[in-house]
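# Quick one, what's the 3D model for this:
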Amino acid sequence: MDIVYIRELEVETVIGIYDWEREIRQTVNLDLEMGTDIRQAASTEDIENCVSYQTVSERLISFISESEFLLVETMAEEIAQIILNEFPVPWVRLRLGKPGAVPEAKDVGVIIERGERL
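Modelled structure (predicted):
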């Protein structure tokens, strides 16, 4: 399986369980790996035959910035489902971070894998 990836995508959103978090926008960041087969895109050099990281990024930025979540776990699950349902990939690995959530840590969050590796 080949992998198309996006690294360090940053989006502002409403996320958190505390009242003060519900009143502000915070930055989340994500790394995304999507399983695919790039051979047809490579042989034809046709963007229609590949997973467009630009299109995926735009979709996720729109979704995350317009959504509100209590937990990063919920956001991660919904992002994974968008990728699997809307793009031609059988597998996704996602790291979703919430920098600043723990002052002593640079970043905290979750890493999930969904779908089936080919």
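
# For the rest of this, base every contact and every neighbour count on C-alpha atoms.
Noted.

# Let's test this: name the helix or strand in the chain with the lowest mean pLDDT.
Across the helices and strands of the chain, mean pLDDT, DSSP states H and E gives its lowest value to helix 39-44, namely a mean of 95.

# Name the residues that touch it?
Residues from elsewhere that reach helix 39-44, judged by Cα atoms under 8 Å, 6 or more residues apart in numbering: 47, 48, 49, 50.

# By residue count, which strand of this protein is the longest?
Identified as the longest strand of the chain according to DSSP state E is strand 2-15.

# Follow the chain on from that one and name the next helix or strand.
Once the chain leaves strand 2-15, the next helix or strand it forms, by DSSP states H and E, is strand 26-36.

# Okay, now the sheet partners of that next one, with direction.
The strands beside strand 26-36 in its sheet (DSSP bridges) come out as strand 2-15 (antiparallel), strand 91-97 (antiparallel).

# Find the one among the ones you listed with the highest mean neighbour count.
strand 91-97 (a mean of 21; mean count of other Cα atoms under 10 Å).

# quick one: average confidence on it?
Throughout strand 91-97, pLDDT has a mean value of 98.

# buried stuff in the next helix or strand after it?
Going down the chain from strand 91-97, the next helix or strand is strand 109-115, by DSSP H and E. Residues of strand 109-115 classed as buried under the neighbour-count rule (16 or more other Cα atoms under 10 Å) are 109, 113, 114.

# how about those in a markdown table, adding pLDDT and distance to residue 54?
As requested, the buried residues of strand 109-115 are exported to a markdown table (pLDDT from 0 to 100; distance: Cα to Cα, whole Å):
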| residue | pLDDT | distance to residue 54 |
| --- | --- | --- |
| 109 | 98 | 24 |
| 113 | 98 | 21 |
| 114 | 98 | 21 |
